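Peer 1: Just need the structure, nothing else, for what follows:
(2 chains)
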There are 2 protein chains.
Amino acid sequence: MTVTITAFERSPDGGAGLARDTRVRWALEEAGQHYEVRLVSFKAMKEPAHVALHPFGQIPTYEEDDLALFETGAIVFHIAERHAGLLPDDANARDRAIAWMFAAVNTVEPPILDLVIAKIVEGDKPWAKDRLPLVMDRIRERLKQLSARLGDAEWLEGGFSAGDLMMVSVLLRLKPSGLLNEFPNLAAYVARGETRPAYKRAFDAQLAVFTGNPPPGR
Amino acid sequence: MTVTITAFERSPDGGAGLARDTRVRWALEEAGQHYEVRLVSFKAMKEPAHVALHPFGQIPTYEEDDLALFETGAIVFHIAERHAGLLPDDANARDRAIAWMFAAVNTVEPPILDLVIAKIVEGDKPWAKDRLPLVMDRIRERLKQLSARLGDAEWLEGGFSAGDLMMVSVLLRLKPSGLLNEFPNLAAYVARGETRPAYKRAFDAQLAVFTGNPPPGR
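Peer 2: Numbering: from 1, shown residues only, chains lettered A, B, ... in the order given. Below you'll find the predicted structure:
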């Protein structure tokens, strides 16, 4: 079985690990799975060969034998279903972990993506300065709720799961904003994710693409 | 087995079926499952009893014996995994259907939610009029890609699946905007979803809550 994922040839985040291939790399590292990476340029991402793999012309994609997948959440779930360590065995606990995966991408990430739009895509618009506090407050609302639920627990639902992998990955986008530090338990939660050896390997691997210095042995 | 979901006591969409309980009702109807509905007010949604079920104080929630779930995508997936008709048997086809579920909520829905923000939440802001075309164009970009992928197929990936259920539900939000009509194959795709008997039963049931006229026999 050979797993091949795609990643940016040159990540727009400068190797900060925020591109979505990091989430898939992390899941593969947690699962102890070897994988190959095919780098794609911004131009190639919109061309027919890549769009056949990813209808929205994005990264990452995932190829394994005759399976071709797109959409990070679905790829992480595919990996989590087939390997130990990312989903609990108990049926109810498994469903709850899946609920956190969806909560990460459908409830917590949208207001955070709006911050990317407000700062980068619309950063030069006349409304940028006045609109920013509204966007920040919508994120605060979600963080407040998430912080209340997490409390002083280590992970969202018992042991570490694919739900935490997705939620930590989504929250990592907030680092430059300073918003995370308003909720110390969430900042600590994200830091716990970052100290996992599998995350570190995933982060280093994506950074190596950016610096052009792949770690020895890869 | 008793299934109980929560829904708005009075939906802010006036019974248009856009609240997320419709997605769960639809999945339950496709699966032929009976369910009970507990209505919650906007005030009660933010109180501890409901927040214990839904950390973000939203609807729907799903209770079945000792399982309590939140997050629409996860609830639909739970139903789809346990009943015929919403996920293919073939492993690769099943993974692809799950990819479309995630694509619906993480790739297609965020720019559509931004339209709700632009029109309703920020509709009275000085930038509302100038910003709207940018928001609309970001939606068009996604619709163009989705339209190209769908082509003249009936559903996104072989037969109707939970991926279509989620994607049609997300696209339904665009009806008032007129955007859907710019892509006739997507408008026809959504219409196909709406003509499914299970969707009609789900729609009628949520409308009955709004009008206060539950259909006979419920």
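Peer 1: Which positions in stretch A:33-52 come out as buried?
Peer 2: A:35, A:37-38, A:40, A:45, A:50-51 (16 or more other C-beta atoms under 10 Å in any protein chain shown). Yep, even glycine has a C-beta here, placed from its N, CA and C like the rest.
Peer 1: From those, pick the one nearest A:V76.
Peer 2: Of all the buried residues of stretch A:33-52, the one with the least separation from A:V76 (C-beta to C-beta) is A:Y35, at 13.0 Å.
Peer 1: Can you read off the pLDDT for that closest one?
Peer 2: On pLDDT, A:Y35 comes in at 98.
Peer 1: Can you read off the backbone torsions of it?
Peer 2: Main-chain dihedrals, A:Y35, degrees, to the nearest 10: phi -150, psi 150.
Peer 1: roughly how far is stretch A:37-57 from the heart of the chain?
Peer 2: Centre-to-centre, stretch A:37-57 and its host chain are 19 Å apart (C-alpha atoms, centre = their mean, to the nearest Å).
Peer 1: and what of stretch A:42-58?
Peer 2: Taking C-alpha atoms, centre = their mean, one finds stretch A:42-58 lying 20 Å from the centre of the chain it belongs to.
Peer 1: From one end of it to the other, what's the distance?
Peer 2: 9 Å (C-alpha to C-alpha, to the nearest Å).
Peer 1: touching chain B at all, it?
Peer 2: Yes: Stretch A:42-58 is in contact with chain B by C-beta under 8 Å from any C-beta of the partner chain, via A:51, A:55-58.
Peer 1: can you check stretch A:60-77 too?
Peer 2: Yes: counting by C-beta under 8 Å from any C-beta, chain B has neighbours in stretch A:60-77: A:66-67, A:69-75, A:77.
Peer 1: and which of the residues you listed is nearest to B:S177?
Peer 2: For the residues of stretch A:60-77 next to chain B, the nearest to B:S177 is A:E71 (24.3 Å; C-beta to C-beta).
Peer 1: How many residues are close by that closest one?
Peer 2: Neighbour count for A:E71, taken as other C-beta atoms under 10 Å in any protein chain shown: 29.
Peer 1: Hmm, B:A99 and it touching each other?
Peer 2: Yes: taking contacts as C-beta atoms under 8 Å, A:E71 lies within contact range of B:A99: 4.5 Å.
Peer 1: still on that earlier bit, let's have the residues of stretch A:42-58 next to chain B in JSON lines, adding secondary structure.
Peer 2: JSON lines is the format used below for the residues of stretch A:42-58 next to chain B (DSSP: H, G, I helix; E, B strand; the rest coil):
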{"residue": "A:V51", "secondary structure": "helix"}
{"residue": "A:P55", "secondary structure": "coil"}
{"residue": "A:F56", "secondary structure": "coil"}
{"residue": "A:G57", "secondary structure": "coil"}
{"residue": "A:Q58", "secondary structure": "coil"}
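Peer 1: To what extent is A:L115 buried, counted in neighbours?
Peer 2: Using other C-beta under 10 Å: A:L115 sits among 19 other residues.
Peer 1: for the longest helix anywhere in chain A, packing partners?
Peer 2: Ordering each helix of chain A by length in residues (DSSP state H) puts helix A:128-150 first. If you count contacts as 3 or more C-beta pairs under 8 Å, 6 or more residues apart in numbering or on different chains; DSSP states H and E, helix A:128-150 packs onto helix A:109-116, helix A:184-194.
Peer 1: Closest one of the residues of stretch A:42-58 next to chain B to B:T6?
Peer 2: Distances from B:T6 to these, taken by C-beta to C-beta, are shortest for A:F56, at 32.1 Å.
Peer 1: Identify the residue of chain A closest to chain B, quick one.
Peer 2: Of all residues in chain A, the one sitting closest to chain B is A:W127 (3.3 Å; C-beta to the nearest C-beta).
Peer 1: Which residue is the nearest non-sequential neighbour of that residue?
Peer 2: Computed as C-beta to C-beta, 6 or more residues apart in numbering or on different chains, the closest residue to A:W127 that is not its neighbour in sequence is B:W127, at 3.3 Å.
Peer 1: What pLDDT does the model give that neighbour?
Peer 2: Reported pLDDT at B:W127 in the predicted model: 97.
Peer 1: Within the helices and strands, which one has the residue in chain A sticking out farthest from the centre?
Peer 2: Distance to the chain centre peaks in chain A at A:P126, reaching 31.0 Å (criterion: C-alpha atoms, centre = their mean). For A:P126, there is no helix or strand it lies in under DSSP states H and E.
Peer 1: I figured it hits B:P126, correct?
Peer 2: No: here A:P126 does not reach B:P126: they are 9.1 Å apart, not a contact under C-beta under 8 Å.
Peer 1: Run through chain A and note the low-pLDDT ranges.
Peer 2: When residues are selected by pLDDT under 70, those of chain A lie in A:213-218.
Peer 1: let's go with 80 and repeat that
Peer 2: A:1, A:213-218 (pLDDT under 80).
Peer 1: can you list the domain ranges for it.
Peer 2: What the record gives for chain A is the domain set A:3-85+A:198-211, A:91-196, from automatic domain parsing.
Peer 1: how about a markdown table for these, with distance to B:Y62 added?
Peer 2: Formatted as a markdown table, those follow (distance: least, C-beta to C-beta, whole Å):
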| stretch | distance to B:Y62 |
| --- | --- |
| domain A:3-85+A:198-211 | 19 |
| domain A:91-196 | 9 |
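Peer 1: Can you check which of those gets nearest to B:E29?
Peer 2: With respect to B:E29, and counting by C-beta to C-beta, the nearest of the domains of chain A is domain A:91-196 at 20.3 Å.
Peer 1: how about the helix or strand encompassing A:A27 as PDB, C-alpha atoms only?
Peer 2: Secondary structure from DSSP H and E places A:A27 in helix A:21-30. C-alpha atoms of helix A:21-30 as PDB (Å, rounded to 0.1, in the frame of the first residue of the first chain):
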ATOM      1  CA  ASP A  21      -1.600  19.000   4.300                       C
ATOM      2  CA  THR A  22      -0.200  19.300   7.900                       C
ATOM      3  CA  ARG A  23      -3.500  17.900   9.300                       C
ATOM      4  CA  VAL A  24      -3.200  14.800   7.000                       C
ATOM      5  CA  ARG A  25       0.500  14.400   7.700                       C
ATOM      6  CA  TRP A  26      -0.300  14.600  11.400                       C
ATOM      7  CA  ALA A  27      -2.900  11.900  11.100                       C
ATOM      8  CA  LEU A  28      -0.600   9.700   9.100                       C
ATOM      9  CA  GLU A  29       2.200  10.200  11.700                       C
ATOM     10  CA  GLU A  30      -0.200   9.300  14.600                       C
END
